[in-house]
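Novice: build me a structure from this.
(one chain, ligands or ions: 1)
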Amino acid sequence: MDEKLKIVAICGSPHRGNTYNILSMLEQSNPEIDFKILMLSELDLQDCTGCYSCVNNGEDSCPLKDDRDMIIDQMKNADATIFASPTYARAISALMKKFVERTSFFAHRPIFFGKHAMALTTCAGFGADLTSKYLTENFTQCGFKFVPSVELMVARKTEDETDRNRKQATEAYAKLITAIKAKEQFKPSFAQLVYFNIFKSISGLNKLKGWADYEFYKEKKDFYYDVKIPYLKNKLAKWIAGKELKKMTAKPST
Ligand SMILES: Cc1cc2nc3c(=O)[nH]c(=O)nc-3n(C[C@H](O)[C@H](O)[C@H](O)COP(=O)(O)O)c2cc1C
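Specialist: Next up, the predicted model:
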């Protein structure tokens, strides 16, 4: 018998409101899936202090002891993660931003390859697309493979609007489940290749200050995991990364 699919939804809404309601509807729509909603507002997640220790000395050196690692373990154990946030002031909520900051060492040392993800965002009028774009770009850099996002307008709460939102969310969720079950091989995108080369080079340049990145990259050759990359694509990615690196390390002109 197949093992149950595991999906974890990380909800950045400060209350059990519109965003939670959609997640809850998805949870109930497929009871055979092990679906867990983590409300960041109900967990102990402290503000990043900006010490840079997670990046330089490894995530275990973070001075904050709270629920961060429990949330990360849930993401590691799940087949997919749903990143859900209301749109507040045309962006992700402050709570979701806190979570992004507390896990931003994964942008340096991505590990979620082979895991799927979906962004689910709500708004009253404008901006759900910006919120989704941010979540998708940030967590793609951490290794996740995103299916198309769900961007919902919850304005009038009429029957029509609610039906439309339920339909949109259910269809997107079905695509996520199909993607998980397909078990297709992941191929690095061009942007991921460029980022890999930039971070690998930086890890070498900063090795005295940031041994965690250095250790992570030192045995890695062309990408985060063994995969055949077309010759020209690889060359071009390295060339663009080199140009970006030059800009980053250029001495200011006097
Ligand atoms: C502080 C705040 C800022 C908001 N900013 C926007 C916005 O920029 N664009 C928009 O369309 N809706 C905005 N909204 C409306 C919410 O995005 C919308 O009601 C959302 O569905 C709320 O989800 P929640 O119930 O999970 O908090 C804002 C709401 C709040 C509380």
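Novice: only C-alpha atoms for contact and neighbour calcs from this point on.
Specialist: Noted.
Novice: residues contacting the helix or strand that Phe199 is a member of, please?
Specialist: Element membership for Phe199, per DSSP states H and E: helix 190-205. For helix 190-205, contacts defined as C-alpha atoms under 8 Å, 6 or more residues apart in numbering pick out 108, 141, 210-211, 213-214, 217-218, 222-224, 233-234, 237-238, 240-242, 244-245.
Novice: just checking, which of these belong to strands?
Specialist: Using DSSP state E, no member of the contacts of helix 190-205 falls in strands.
Novice: in ChimeraX, how would I select just the buried ones from the residues you listed?
Specialist: Here is the ChimeraX command that selects the buried residues among the contacts of helix 190-205 (16 or more other C-alpha atoms under 10 Å):
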select :108,141,210,211,213,214,217,222,223,224,234,237,238,240,241,242,245
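Novice: among the contacts of helix 190-205, which are in helices?
Specialist: Among those, DSSP state H puts 108, 141, 211, 213-214, 217, 233-234, 237-238, 240-242, 244-245 in helices.
Novice: can I assume Leu152 sits in a strand?
Specialist: Yes. The assignment for Leu152 is a strand, going by DSSP: H, G, I helix; E, B strand; the rest coil.
Novice: the nearest residue to it once chain neighbours are set aside: which element?
Specialist: Nearest residue to Leu152 in three dimensions, chain neighbours excluded: Thr122, at 4.7 Å (C-alpha to C-alpha, 6 or more residues apart in numbering). Using DSSP H and E, Thr122 maps to strand 116-123.
Novice: for that strand, packing partners?
Specialist: helix 18-29, strand 80-86, helix 128-141, strand 145-146, strand 150-153, helix 159-182 (3 or more C-alpha pairs under 8 Å, 6 or more residues apart in numbering; DSSP states H and E).
Novice: report the two of the ones in helices among the contacts of helix 190-205 separated the most.
Specialist: Using C-alpha to C-alpha, these span at most 29.1 Å, a distance reached by Trp211 and Lys233.
Novice: thinking again about what came up before, would you mind writing the CA trace of the strand holding Thr122 as PDB?
Specialist: Only the C-alpha atoms of strand 116-123 are listed here, as PDB (Å, rounded to 0.1, in the frame of the first residue of the first chain):
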ATOM      1  CA  HIS A 116       7.400  20.400  -4.200                       C
ATOM      2  CA  ALA A 117       5.900  23.700  -3.000                       C
ATOM      3  CA  MET A 118       3.000  26.000  -3.700                       C
ATOM      4  CA  ALA A 119       2.400  29.600  -2.800                       C
ATOM      5  CA  LEU A 120      -1.200  30.400  -1.600                       C
ATOM      6  CA  THR A 121      -2.000  34.100  -1.100                       C
ATOM      7  CA  THR A 122      -5.100  36.100  -0.400                       C
ATOM      8  CA  CYS A 123      -5.800  39.800  -0.800                       C
END
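Novice: run the angle between that strand and strand 80-86 for me.
Specialist: In terms of direction (axes from the mean of the first three to the mean of the last three C-alpha atoms, to 10 degrees), strand 116-123 departs from strand 80-86 by 10 degrees.
Novice: so for strand 116-123, mean pLDDT?
Specialist: Taken as a whole, strand 116-123 has an average pLDDT of 98.
Novice: partners of that strand in the sheet?
Specialist: Note on strand 116-123: by DSSP bridges, its sheet partners are strand 80-86 (parallel), strand 145-146 (parallel), strand 150-153 (parallel).
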